[in-house]
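# Can you look at this prediction? I've put the sequence above it.
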Amino acid sequence: MTTSSTQSPPNSTADVLDGVLGARLAGAVSPLRSVRPAVAEHTQRLHDALFVAPSADLPTREQLVAVALRVAVLARQPALAEHYSALLPEDLAEAVATGAVHDPVLAALLSHAALVTVDPSSAARSAIETLRAVGLSEAAIVTVSQAIGFVNYQIRLVAGYTLIGESA
């Protein structure tokens, strides 16, 4: 993993989905999102807890953001990928987006993210054992899994809101 410093996290009060959707689509789906404000609030809070709060433990904030970027790239969600890319140093973001990471821990995390995102039915105990082998604890593996699931949830929200917003 690179040793360059990460960029400052975004303002935690900003709504990531609104930013990813862009002003026109966000405005179009705003009435829908306002019907259940707690969903939007909790979605944003989970994003902030996973990707904004600093962490020196494994996985680090930078590693979790890298996992999020890889999931967004694999799902062909460029706006969400751009969001996560902006949270990483440029060289690391490029390496993650292309899959050219040399750090063994980060490589294992990205491989696991790809497996769970692209072919979840083939995930097996051996995938978890690979994460353990690079030094991840049970808690770290759960955190990474939560991040992968959360970004896939964001991807589905963006896809749904985009369809709704474009038809409005």
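Looks like it came in fine.
# Quick check: longest helix in this structure by residues?
Looking across the chain with DSSP state H, the single longest helix is helix 138-167.
# Quick one: list the elements packing against that one.
For helix 138-167, the elements it packs on are helix 16-35, helix 37-51, helix 61-74, helix 78-85, helix 104-118, helix 125-133, judged by 3 or more CB pairs under 8 Å, 6 or more residues apart in numbering; DSSP states H and E. For glycine as for every other residue, the C-beta is placed from the backbone atoms N, C-alpha and C.
# What angle do helix 78-85 and the third one make with each other?
Per axes from the mean of the first three to the mean of the last three CA atoms, to 10 degrees, the angle that helix 61-74 makes with helix 78-85 is 160 degrees.
# ok so, going back, redo the helices and strands packed on helix 138-167 as CSV? Include mean neighbour count, distance to Thr162 and mean pLDDT.
As requested, the helices and strands packed on helix 138-167 are exported to CSV (neighbours: other CB atoms under 10 Å; distance: least, CB to CB, whole Å; pLDDT from 0 to 100):
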stretch, mean neighbour count, distance to Thr162, mean pLDDT
helix 16-35, 16, 6, 94
helix 37-51, 15, 16, 94
helix 61-74, 25, 14, 97
helix 78-85, 20, 9, 97
helix 104-118, 19, 19, 96
helix 125-133, 13, 31, 95
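# Turn those helices into a markdown table, including distance to Gly149.
Below are those laid out as a markdown table (distance: least, CB to CB, whole Å):
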| stretch | distance to Gly149 |
| --- | --- |
| helix 16-35 | 16 |
| helix 37-51 | 10 |
| helix 61-74 | 9 |
| helix 78-85 | 14 |
| helix 104-118 | 8 |
| helix 125-133 | 15 |
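# ok, Pro37 to Val105 distance?
According to CB to CB, to the nearest Å, Pro37 and Val105 sit 38 Å apart.
# Correct me if wrong: Val96 contacts Val71.
No - contact criterion CB atoms under 8 Å: Val96 and Val71 do not qualify, at 10.2 Å.
# Run through the residues that contact the residue nearest the centre of the chain.
Most central in the chain under CA atoms, centre = their mean is Ala68, positioned 2.4 Å from the mean C-alpha point. Ala68 is in contact with 50-51, 84, 147, 150-151, counting by CB atoms under 8 Å, 6 or more residues apart in numbering.
# And for stretch 116-128, what's in contact with it?
71, 74-75, 112, 115, 141, 145, 148, 152.
# Please save the CA atoms from that stretch in PDB.
This file holds the C-alpha atoms of stretch 116-128, laid out as PDB (Å, rounded to 0.1, in the frame of the first residue of the first chain):
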ATOM      1  CA  VAL A 116     -18.300 -11.300  -3.100                       C
ATOM      2  CA  THR A 117     -19.400  -8.700  -5.600                       C
ATOM      3  CA  VAL A 118     -19.000 -10.500  -8.900                       C
ATOM      4  CA  ASP A 119     -19.600 -14.200  -7.900                       C
ATOM      5  CA  PRO A 120     -20.900 -14.400  -4.400                       C
ATOM      6  CA  SER A 121     -22.200 -17.900  -4.800                       C
ATOM      7  CA  SER A 122     -18.600 -19.200  -5.200                       C
ATOM      8  CA  ALA A 123     -17.500 -17.600  -1.900                       C
ATOM      9  CA  ALA A 124     -16.300 -20.400   0.400                       C
ATOM     10  CA  ARG A 125     -14.500 -20.700   3.700                       C
ATOM     11  CA  SER A 126     -11.200 -20.600   1.900                       C
ATOM     12  CA  ALA A 127     -11.900 -16.900   1.100                       C
ATOM     13  CA  ILE A 128     -12.200 -16.100   4.800                       C
END
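# Thanks a lot, see you next time.
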